[in-house]
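Enquirer: Just need the structure, nothing else, for what follows:
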Amino acid sequence: QVQFVESGGGSVQPGGSLRLSCAASGSIIGSVYRMGWYRQAPGKERKERELVASIIRGGDTNYGDSVKGRFTISEDNAVNTVYLQMISLKPDDTAVYYCNADVQPMGSETIVRYWGQGTQVTVSS
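Expert: Numbering: from 1, shown residues only. Coordinates of the predicted model:
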């Protein structure tokens, strides 16, 4: 059973930086064609998770408006790991950050979406 595990969260002051990582744990029998980061702010429900950034295998990226120019998503395809470099952090960036991955199992045309357990990012002075 594959899992995606986030790391790198923590507490920083406004203007600080953090780098999040999300790595696959377990064997993926298929292909990962997209990975991304979402965040859930305090008091928000799961359905209100906000897209932070996503990357499609091949390199196309997409960012939420609130993080453009400050966050950078990248990936290491060889180890099915995605990173999120965050700079110029603001208190509004405080949230639980979730990694997700869209996986197409071998021999299947369906897509399975996996979610990590989340990592807390707190930006406060």
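Enquirer: Go ahead and flag the most central residue of this structure.
Expert: Nearest to the mean C-alpha position of the chain, counting by CA atoms, centre = their mean, stands residue 37 at 2.4 Å.
Enquirer: And residue 109, how close does it get to residue 24?
Expert: Distance of residue 109 to residue 24, given as CB to CB, to the nearest Å: 21 Å. C-beta here means a position set from N, CA and C on the backbone, and glycine is covered the same way.
Enquirer: Of the two, which one has the most company?
Expert: Each of residue 109 and residue 24 has its neighbours counted (other CB atoms under 10 Å); residue 24 has more, 21 against 6.
Enquirer: Pull out the buried residues from the helix or strand where the more buried one lies.
Expert: Assigned by DSSP states H and E, residue 24 belongs to strand 18-25. Buried residues in strand 18-25, counted by 16 or more other CB atoms under 10 Å: 18, 20-24.
Enquirer: ok, those residues vs residue 94, which is closest?
Expert: When these are compared for distance to residue 94 (CB to CB), residue 18 comes out closest, at 11.5 Å.
Enquirer: Could you tell me the average pLDDT over the next helix or strand after the strand holding residue 24, please?
Expert: Using DSSP H and E, the helix or strand that follows strand 18-25 in sequence is strand 30-40. In this model, strand 30-40 has a mean pLDDT of 92.
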